[in-house]
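Peer 1: next input, structure requested:
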Amino acid sequence: MRRYEVIKDIPSGWETSAKVGDILRLRHWEGIPTLFKNNKAVCDADSRYAIEYCKPVEEGEALNATNQDENK
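Peer 2: Numbers count the residues shown, from 1 in each chain. The predicted structure is shown next:
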């Protein structure tokens with residue numbers, strides 16, 4: 001599963017916002033590749049938010065970031 005790190009706050013996504021450092025997961029929503037945070041859609045994977053506000057992360061990096069979030 002591809003993951004993306006938010007590098008600039010996304011104030012108003014489809015179902016939720018995302019803050020710098022959040023890890024978003026790529027899934028399909030109604031057939032469209034979409035970035036999700038905690039099972040809520042943030043933005044389409046080809047949108048300006050995805051392209052300019054997020055960066056793909058390697059699986060090891062994403063796992064470390066996810067573990068850090070869970071420990072907060």
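Peer 1: only C-alpha atoms for contact and neighbour calcs from this point on.
Peer 2: Fine.
Peer 1: so who does Thr16 touch?
Peer 2: Lys37, Lys40, Ala41, Val42 (Cα atoms under 8 Å, 6 or more residues apart in numbering).
Peer 1: hmm, 6 Å instead?
Peer 2: Residues in contact with Thr16 (Cα atoms under 6 Å, 6 or more residues apart in numbering) are Val42.
Peer 1: can I take it that it is in a strand?
Peer 2: No. Counting by DSSP: H, G, I helix; E, B strand; the rest coil, Thr16 falls outside a strand, being coil.
Peer 1: now do it against Asp9, distance only.
Peer 2: 12 Å (Cα to Cα, to the nearest Å).
Peer 1: which stretches of the protein have low pLDDT?
Peer 2: Where the chain drops to pLDDT under 70, the residues are 60-72.
Peer 1: swap in 90 and give it another go.
Peer 2: Scanning the chain for pLDDT under 90 picks out the ranges 1, 58-72.
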